[in-house]
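Novice: next input, structure requested:
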Amino acid sequence: MHQNVIQPVGYCERGFLTLVTAPRPVLEKTLAGLLLHKSGDALVITCGRARDGTFVTAADGYPDTSVIRVGSQSQVVNGVRICNASLIVVVHDPEIYENDEEGAARVAAMLREYACLSANRIVILARPKDAYLDVMWQYAGRYLFIE
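Specialist: Numbering: from 1, shown residues only. As a prediction, this is how the structure comes out:
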């Protein structure tokens, strides 16, 4: 039996906000693949509890890649606004929204707008079963769900 293997990196195009939800090992491989195949600079924004070392360590091994750790919605927005990187990866953690679905929608809308205006690739990596993703996916140009 032939099994198709999904490569999330292929779904992440310039000018689009892409949302990838998957188990953590798949997210880590997706981040590594995005950074391996990037052209130009990259920024990885780790949020909330996702500020732990796994994603930071993965990103640190690539040249022309910066990592910033944030703890609030406004820091995500500011990080993206001041960045000139051709690839921006936001490692999502629901903790930064603190029961604020409208805030999650505002962040997702701003990321989509910035991706369109700057023709950058912006990717949100998130784990499944997050209530804020129900609000955020509507702003994604591409949404990939992997169980």
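
Novice: quick one: A58 and E28 touch, right?
Specialist: Yes: between A58 and E28 a contact is recorded at 6.0 Å, counting by CB atoms under 8 Å. Every residue, glycine included, has its C-beta placed from N, CA and C.

Novice: just the pLDDT for I124.
Specialist: Looking at I124, its pLDDT stands at 86.

Novice: for G53, same thing?
Specialist: At G53, the model reports a pLDDT of 66.

Novice: do L87 as well
Specialist: The predicted local confidence for L87 comes out at a pLDDT of 87.

Novice: and M1, by the same measure?
Specialist: Note on M1: pLDDT of 42.

Novice: oh, and call the first residue 20 from now on, that's how I've got it
Specialist: Happy to do that; since the first residue is 20 now, the last one works out to M20.

Novice: buried ones in stretch 105-119?
Specialist: Within stretch 105-119, the residues that qualify as buried by neighbour count (16 or more other CB atoms under 10 Å) are S105, L106, I107, V108, V109, V110, H111, D112, P113, I115, Y116.
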